[in-house]
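*Asks:* The amino acid sequence is not available; the structure is as follows:
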């Protein structure tokens, strides 16, 4: 990271210098050593509202005595708080749990690992990024199909319907299609929509970005979105059926070796 640029930047997304400094301070004060911390959620997806919270995600490392003894340390550390004007949602997993999730076709943790909005990094983080392609399989489609269905259900049951779960539905479907077709992660909805030539999504994003976190959608638009979500769901199913991605991840042995090395004390922290 360039120390002369205090902001956190990624393709299609930027977090301002003040928020970036606070996020770095929060990561540095984490109660367990972190392998990395990145920003996920609406800031990564390209449709953060002025009142959106900051989803800080990462991997912490428990010492060996909190893993092999009778008293185990926390596999997951979560905190939601308002800190110095920053609305924070923090979740980190111990390395073992995170590695297991990577090997279970979990697109959510894959996106966290590969988020370009990096708050804190380390050599083990770089190793994990290099191993990420060997974690991707055709069965990641199931993750994105299920995630999209849940977001669409949330969108459709509320009155008035909120824009946020609709944007999440489109983001998840387009990310899934892109991943299954190319083997690469792209989580930014603006970039995905441009690639898919869905210019009308820009209007939805603009309404969210300039509005509120709970921005709503007129009922007149619903029939169009029902048809589009159905079309993209079918496209994801076709992509999965035609995918040349492997059936199973191949990163297991390398992740095991990295975890053993980390537990034995080589934490690679600079």
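*Replies:* Cool, the structure landed. The shown structure was predicted, so the numbers you read here are calculated from the model rather than taken from an experiment.

*Asks:* all contacts plus neighbour counts: C-alpha atoms, from now on.
*Replies:* Fine.

*Asks:* any chance you could map the helices in the stretch 51-200 of the chain?
*Replies:* 65-68, 95-102, 107-114, 123-131, 140-157, 163-182, 189-196, 200-209 (DSSP state H, counting those that start in this stretch).

*Asks:* closest one to residue 19 among the ones you listed?
*Replies:* helix 200-209 (17.0 Å; CA to CA).

*Asks:* roughly how far apart are the residue of the chain positioned farthest from its centre and residue 31?
*Replies:* Most distant residue from the mean C-alpha position of the chain: residue 70, 32.8 Å away (CA atoms, centre = their mean). Here residue 70 is placed at a distance of 20 Å from residue 31 (CA to CA, to the nearest Å).

*Asks:* Excluding its own residues, what touches stretch 149-164? List them.
*Replies:* 165-166, 168-169, 204, 208, 213-219 (CA atoms under 8 Å, 6 or more residues apart in numbering).

*Asks:* Please convert these to TSV, extending it with distance to residue 63 and neighbour count.
*Replies:* Listed next are the contacts of stretch 149-164 as TSV, based on distance: CA to CA, whole Å; neighbours: other CA atoms under 10 Å:
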residue	distance to residue 63	neighbour count
165	38	19
166	41	23
168	36	22
169	38	26
204	46	16
208	42	22
213	39	19
214	41	15
215	44	16
216	46	19
217	48	18
218	52	10
219	53	10
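
*Asks:* Okay, now the unreliable bits of this structure?
*Replies:* Within the chain, the stretches with pLDDT under 70 are 1-5, 12, 266-270.

*Asks:* repeat that with 90
*Replies:* Low-confidence segments of the chain, defined by pLDDT under 90: 1-14, 83-85, 211-214, 218, 265-270.

*Asks:* Walk me through the domains of it.
*Replies:* Domain segmentation of the chain under automatic domain parsing yields 8-128, 140-242.

*Asks:* Out of those, which is closest to residue 265?
*Replies:* The nearest among these, by CA to CA, is domain 8-128 at 8.1 Å.

*Asks:* how much space between the residue farthest from the centre of the chain and residue 85?
*Replies:* 40 Å.

*Asks:* Spatially, which residue comes closest to residue 58, not counting chain neighbours?
*Replies:* residue 37 (4.2 Å; CA to CA, 6 or more residues apart in numbering).

*Asks:* gap between the one you found and residue 102?
*Replies:* For residue 37 relative to residue 102 (CA to CA), the value is 16 Å.

*Asks:* now do residue 49
*Replies:* The value you get for residue 49 to residue 102, if CA to CA is used, is 29 Å.

*Asks:* just residue 76 next, same as before
*Replies:* Distance from residue 76 to residue 102, by CA to CA: 15 Å.

*Asks:* buried stuff in stretch 28-36?
*Replies:* 32-36 (16 or more other CA atoms under 10 Å).

*Asks:* what do you get for stretch 154-168?
*Replies:* Result for stretch 154-168 [16+ other CA under 10 Å]: buried residues 154-156, 161-168.

*Asks:* same thing with stretch 228-238?
*Replies:* Buried residues in stretch 228-238, counted by 16+ other CA under 10 Å: 229, 232-233, 235-237.

*Asks:* Tell me the one of these nearest residue 264?
*Replies:* Nearest member of the buried residues of stretch 228-238 to residue 264, counting by CA to CA, is residue 236, at 41.9 Å.

*Asks:* what about the closest residue to the closest one other than its chain neighbours, how many residues close to it?
*Replies:* Leaving aside its chain neighbours, residue 236 sits nearest to residue 177 (5.1 Å; criterion: CA to CA, 6+ apart). Look at residue 177: counted by other CA atoms under 10 Å, it has 27 neighbours.
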